[in-house]
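# here is a sequence together with a model predicted from it:
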Amino acid sequence: MNRVGRVERVTKETSVLVEINLDGTGQVDVATGVGFYDHMLDQLGRHGLFDLTVKTEGDLHIDSHHTIEDTALALGAAFKQALGDKVGIYRFGNCTVPLDESLAQVTVDLSGRPYLVHTEPEKMAPMIGEYDTTMTRHILESFVAQAQIALHVHVPYGRNAHHIVECQFKALARALRYASEKDPRAAGILPSTKGAL
């Protein structure tokens with residue numbers, strides 16, 4: 001049985017629909033109105049092998065902040081919903097991804113406790129198209145808060161802003177994929193000594 005999450009979030013600033021299938025094949029249909037963000041969500045779905053639909057209409061006449069933030073919140077909530085009871089999953093995942101001169105290291109624990117550690121080079125271009133590069137951390141904060149996971153993202157080096165951000169999303173996709181996959185040796189087992197995740 002596929003693990004699917006579906007969240008609709010409507011405020012005076014945005015209208016967001018997110019659907020995610022953790023057991024998909026990487027089919028992605030994304031439209032947020034922020035081109036580079038769409039590109040990053042495409043990376044997340046394809047490299048995570050998640051079927052992902054994202055439809056966001058936001059107040060882009062102001063700027064992209066609300067659109068990006070609310071999409072990340074809905075995505076986190078949908079991911080948590082799709083995880084279900086977490087019985088039989090690996091729980092932990094990590095991945096290191098290079099993108100030319102940049103490198104991202106991501107480790108995740110589907111712990112039920114939201115926590116983010118994030119480091120990236122401080123000196124990089126402030127904008128990629130209409131995407132504010134300071135939003136990457138906020139996307140991760142918003143996603144973690146709703147998904148209720150512990151996430152560590154470290155970019156020790158990189159020069160090109162596009163590469164620095166993109167390798168983070170690719171590594172995140174793979175780490176989430178590995179952590180959320182079913183462990184054939186742990187069928188029916190919740191991976192926690194507490195008895196709850």
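Now that the structure is in, tell me what you want to look at.

# any stretches of this structure with poor pLDDT?
Within the chain, the ranges that satisfy pLDDT under 70 run 1.

# tell me where this structure has strands.
Along the chain, counting by DSSP state E, strands occupy 4-10, 14-21, 28-31, 51-58, 92-99, 102-109, 115-119, 127-128, 131-132, 150-157.

# for residue 174, find the nearest of those strands.
In this view, those are compared for proximity to residue 174 by C-beta to C-beta, and strand 92-99 is the closest at 3.7 Å. Every residue, glycine included, has its C-beta placed from N, CA and C.

# take the strands of the chain and write them to JSON lines, including mean neighbour count and distance to residue 66.
Shown next, in JSON lines, are these (neighbours: other C-beta atoms under 10 Å; distance: least, C-beta to C-beta, whole Å):
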{"stretch": "strand 4-10", "mean neighbour count": "17", "distance to residue 66": "11"}
{"stretch": "strand 14-21", "mean neighbour count": "21", "distance to residue 66": "5"}
{"stretch": "strand 28-31", "mean neighbour count": "16", "distance to residue 66": "16"}
{"stretch": "strand 51-58", "mean neighbour count": "21", "distance to residue 66": "5"}
{"stretch": "strand 92-99", "mean neighbour count": "17", "distance to residue 66": "28"}
{"stretch": "strand 102-109", "mean neighbour count": "22", "distance to residue 66": "26"}
{"stretch": "strand 115-119", "mean neighbour count": "14", "distance to residue 66": "20"}
{"stretch": "strand 127-128", "mean neighbour count": "17", "distance to residue 66": "17"}
{"stretch": "strand 131-132", "mean neighbour count": "20", "distance to residue 66": "12"}
{"stretch": "strand 150-157", "mean neighbour count": "18", "distance to residue 66": "22"}
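
# tabulate the ones you listed (a markdown table), appending distance to residue 143.
Output for the strands of the chain, formatted as a markdown table (distance: least, C-beta to C-beta, whole Å):
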| stretch | distance to residue 143 |
| --- | --- |
| strand 4-10 | 12 |
| strand 14-21 | 11 |
| strand 28-31 | 15 |
| strand 51-58 | 12 |
| strand 92-99 | 15 |
| strand 102-109 | 11 |
| strand 115-119 | 9 |
| strand 127-128 | 19 |
| strand 131-132 | 16 |
| strand 150-157 | 8 |
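
# looking at those, which is closest to residue 180?
strand 92-99 (7.5 Å).

# OK, contacts around residue 129?
Going by C-beta atoms under 8 Å, 6 or more residues apart in numbering, residue 129 touches 34-36.

# now list the buried members of those residues.
Among the contacts of residue 129, the ones that count as buried by 16 or more other C-beta atoms under 10 Å are 34, 36.
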